[in-house]
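>>> Give me the fold of what follows.
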Amino acid sequence: MTAPFFRNLKEVLSQNGGPGVSPDGLRPAGVLVPLCERGGGVTVVLARRSERVPHHKGQICFPGGSRDPGDADLFATALREAEEELGIRREDVELIGAMEPVPTVTGFFIQPYVVQIPGETRFSLDDFEMEEVFEAPLSVFADYDRYRYAETTFLGEEYRVYFFDYGPHTIWGATARILHRLAELVGESSLH
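Below you'll find the predicted structure:
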């Protein structure tokens, strides 16, 4: 049932422009947007950062981080970080495609990579960086009425900061922006 979903999403993402180039002054980062099949549906894997990390304390996030000099590219960064943070093994990751990069007001330029991971994936959290991991049905993020937002100016342009409540969590910032855009792309993929 979900095989056509992933095939269609891959097609839409292939027409999406792919990875971007980080503008001067923003720190390049890569994140995985892990999707998996659960009971005939698709869930997205999210994590909550610990209060001990230097950036984005306690925030809901995707696994990923800043590019290290040894990383071949930002996809390699995202794979390395996902393995360190959540124990997602690179050999279990199937790349679906890259989304548009997301600049953040905190000085990062995040390149999201949508991937499929096996439904039986067992997570192993890095105690210092991650407090918890959880999954949410991807479909909930297409309920656009559930988003709140604040307007600001960033890089000389109007910029919308999204907020989305899911259970006890408030997902906001770059993570909510990526989920909002992913829901739009999933909507486009269902038209194929």
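
>>> Helices along the chain, start to end?
Here the chain has its helices, by DSSP state H, at 3-14, 74-86, 173-189.

>>> Including mean pLDDT and distance to E158, could these go into a markdown table?
For every residue, glycine as well, the C-beta is placed using N, CA and C. Formatted as a markdown table, those follow (pLDDT from 0 to 100; distance: least, C-beta to C-beta, whole Å):
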| stretch | mean pLDDT | distance to E158 |
| --- | --- | --- |
| helix 3-14 | 89 | 26 |
| helix 74-86 | 96 | 26 |
| helix 173-189 | 91 | 14 |
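
>>> What mean pLDDT does the biggest strand by length in the chain get?
Selection of the longest strand in the chain by residue count, based on DSSP state E, yields strand 27-38. Taken as a whole, strand 27-38 carries a mean pLDDT of 94.

>>> Now that strand: buried residues?
Neighbour-count burial for strand 27-38, counted by 16 or more other C-beta atoms under 10 Å, picks out P28, A29, G30, V31, L32, V33, P34, L35, C36, E37.

>>> Just grab the bridge partners of the closest residue to M99 other than its chain neighbours for me.
Distances taken as C-beta to C-beta, 6 or more residues apart in numbering put P112 closest to M99, at 4.4 Å, once the chain neighbours are dropped. Beta bridges link P112 to V31 when assigned by DSSP bridges.

>>> Can you give me the pLDDT of P112?
For P112, pLDDT reads 96.

>>> just R48 next, same as before
92.

>>> and it, how far is that from D68?
Separation of R48 from D68 (C-beta to C-beta, to the nearest Å): 23 Å.
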